[in-house]
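S.K.: Structure, please.
(one chain, ligands or ions: 1)
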Amino acid sequence: MKEQTTTASPMRVQFLGTGGAEGVPVVQCECDHCRRAREEGGRLRRRRSAVYLRLPHYNLLVGAPPEVREYVHNYRITELQGVVALNNEFAHIGGIKEFEYWQPASLDFLSVPALFRQIRREYWTERLRRVFYVLPLYPNTPMYLGPEFQIWAMTLSSQPATFGLMVQMDHRKIAFLGQAPVERLPRLALQHLRGADAVVVGLPARAPEEDIQQRLQHLHQWGQDLNVGQVVLSHVGHQAPPHDTLEALAAEVAPSVHIAYDGLELAL
Ligand SMILES: [Zn+2]
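M.R.: Here you go, the predicted model:
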């Protein structure tokens, strides 16, 4: 897997958090995963999911979870042009008010219009209105962010309306599917995913270890069928096995599946 950051790579992707809505460890949970995460830390800890995309002259934060302030400081995010919101749940957008004090006070806010109406109702403030320039991301329609790169929101299901994100630059593509099940995607989404360099998928919350093994094998085969370079597993809940177990399982049964961890960087 291409984990190294190089200046020659025009597209860089950093996973700021890779956990589910509850994170790992979960408050007051004494399961083995949470207990180990508390004691050993490192890649066993997973904060809520968000991704930092570095593109030529335009850096984007995908998601604004409640930890967003911590992410901005810890990962030293100083160059930011926009925030993409494809989910209106607290775990994905609950930190948006932190941007009330962003300096310089000018950022793009990209979201699907129907979703933005909900976000505006629940989270928007007068200060945010002054900081953000709200831009509509029309589903399945590329938005050009520069001469050679574009992003778009892919419809992943209609009921409830869920969206993934595709980022394309020259001939390189990375897709983020959130927690959408890969076996129930619309034909159009599959068409867009075909030949992608990387597809980031989630892991269902509850699954015993033997099911996880099958799941990894399935994801590997699914990626191979679509000619995907690598399938990256993120959004890992605390009921899933810990990072080291997942990594060992994937190495054994699903060589094209990679397990994301907080801080992982990909250069595409
Ligand atoms: Zn737990």
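
S.K.: CA only for contacts and neighbour counts going forward, please
M.R.: OK.

S.K.: shaky segments in this structure?
M.R.: The model of the chain has pLDDT under 70 over residues 1-9, 204-210.

S.K.: Apply 90 and report the result again.
M.R.: Residues of the chain that meet the criterion pLDDT under 90 lie in 1-10, 56, 78, 101-105, 146-148, 158-161, 170-171, 203-211.

S.K.: where along it do the strands fall?
M.R.: Taking DSSP state E, the strands of the chain run over residues 12-17, 50-55, 58-62, 82-85, 107-111, 132-136, 143-146, 149-157, 162-169, 172-176, 198-202, 230-234, 257-259, 265-267.

S.K.: Make JSON lines out of the ones you listed and add mean neighbour count and distance to the ion.
M.R.: Compiled in JSON lines, the strands of the chain are given as follows (neighbours: other CA atoms under 10 Å; distance: least, CA to the ion, whole Å):
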{"stretch": "strand 12-17", "mean neighbour count": "23", "distance to the ion": "17"}
{"stretch": "strand 50-55", "mean neighbour count": "22", "distance to the ion": "21"}
{"stretch": "strand 58-62", "mean neighbour count": "21", "distance to the ion": "26"}
{"stretch": "strand 82-85", "mean neighbour count": "22", "distance to the ion": "27"}
{"stretch": "strand 107-111", "mean neighbour count": "21", "distance to the ion": "32"}
{"stretch": "strand 132-136", "mean neighbour count": "16", "distance to the ion": "37"}
{"stretch": "strand 143-146", "mean neighbour count": "14", "distance to the ion": "40"}
{"stretch": "strand 149-157", "mean neighbour count": "22", "distance to the ion": "29"}
{"stretch": "strand 162-169", "mean neighbour count": "22", "distance to the ion": "27"}
{"stretch": "strand 172-176", "mean neighbour count": "22", "distance to the ion": "25"}
{"stretch": "strand 198-202", "mean neighbour count": "23", "distance to the ion": "18"}
{"stretch": "strand 230-234", "mean neighbour count": "23", "distance to the ion": "17"}
{"stretch": "strand 257-259", "mean neighbour count": "23", "distance to the ion": "19"}
{"stretch": "strand 265-267", "mean neighbour count": "19", "distance to the ion": "26"}
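
S.K.: is it possible to export these to TSV including distance to P241?
M.R.: Below are the strands of the chain laid out as TSV (distance: least, CA to CA, whole Å):
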stretch	distance to P241
strand 12-17	17
strand 50-55	20
strand 58-62	25
strand 82-85	28
strand 107-111	33
strand 132-136	38
strand 143-146	37
strand 149-157	26
strand 162-169	25
strand 172-176	22
strand 198-202	13
strand 230-234	12
strand 257-259	11
strand 265-267	22
